[in-house]
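> Next comes the sequence, and after it the predicted model I'd like to discuss.
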Amino acid sequence: MFEAQASAKFCSYQCSARSKAARKTECTCEECGSTFLPAYGDKRRNFCSEFCAKRHFKRVTKGVVRARSYGAEAEPINPIAVMDRDGWTCHICGEEAPRELRGTMRWNAPELDHIIPLSAGGSHTYDNVACAHRSCNLEKGDALPPGWADPQRLWVHRGSGGIA
């Protein structure tokens, strides 16, 4: 029979461990999407491994370093979150940008595009970035969106010298 002090919640260490194991919930890795059980005492873990954590933070902070080199306002941006927000659709041509091509060199691979380019004074914030195809982003170059001050500079490819 179990007789415990008033502050005791479990009869033994084994009962305590079973209770903790039952309360553990699976988490989803923010980088690779796999499910995992966090280690003991690590309830707020967002990544399944150190590799995924380093890969995520490298990808998220790369744009901040580049934006600061231009002297622009910058915040850490998760490109995958932007692609999800935009429905994996190119904001320039309106066609689908296949998720499985992310990170490849294919012409229709989705990329992060600065709507107002960093070189034109744009910021590296969620309000100024959108999903674009690699080819559309290259074609746009450092041009400003339609309706901005200099109409000769709108959507001009760097090498062509004319309106695209």
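Done, it's in.
> hey, let's count contacts and neighbours off CA atoms from now on
Noted.
> Where do the helices of this protein begin and end?
With DSSP state H applied, the chain shows helices at 13-23, 50-69, 79-85, 134-140, listed in chain order.
> Quick one: mean pLDDT for stretch 108-115?
Per-residue pLDDT values over stretch 108-115 give a mean of 93.
> now swap in stretch 13-21 and tell me
For stretch 13-21, the per-residue pLDDT averages 71.
> hey, what's the closest residue to residue 68 other than its chain neighbours bridged with?
Nearest residue to residue 68 in three dimensions, chain neighbours excluded: residue 74, at 6.7 Å (Cα to Cα, 6 or more residues apart in numbering). Beta bridges link residue 74 to residue 124, judged by DSSP bridges.
> Out of the helices of the chain, indicate the one that is most buried.
helix 134-140 (a mean of 20; mean count of other Cα atoms under 10 Å).
> circling back: export the helices of the chain as TSV, with columns for distance to residue 101.
Below are the helices of the chain laid out as TSV (distance: least, Cα to Cα, whole Å):
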stretch	distance to residue 101
helix 13-23	38
helix 50-69	16
helix 79-85	12
helix 134-140	10
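> Residue 119 is nearest to which of those?
helix 50-69 (9.2 Å; Cα to Cα).
> which helices and strands does that closest one pack with?
Judged by 3 or more Cα pairs under 8 Å, 6 or more residues apart in numbering; DSSP states H and E, helix 50-69 has no packing partners among the helices and strands.
> Tell me how far that helix lies from the chain's centre.
Distance of helix 50-69 from its chain centroid, counting by Cα atoms, centre = their mean, to the nearest Å, is 10 Å.
> and what of stretch 132-142?
19 Å.
> swap in stretch 123-138?
The chain centre lies 13 Å from the centre of stretch 123-138; the measure is Cα atoms, centre = their mean.
> what is the mean pLDDT for that stretch?
According to the model, stretch 123-138 has a mean pLDDT of 93.
> Relative to residue 124, how far out is the closest residue to residue 105 other than its chain neighbours?
The spatially closest residue to residue 105, leaving aside those adjacent along the chain, is residue 134, at 7.8 Å (Cα to Cα, 6+ apart). Using Cα to Cα, to the nearest Å, we find residue 134 at a distance of 18 Å from residue 124.
> contacting residues around the residue sitting nearest the centre point of the chain?
Nearest to the mean C-alpha position of the chain, by Cα atoms, centre = their mean, lies residue 78 at 1.9 Å. The neighbourhood of residue 78, defined by Cα atoms under 8 Å, 6 or more residues apart in numbering, consists of 59, 60.
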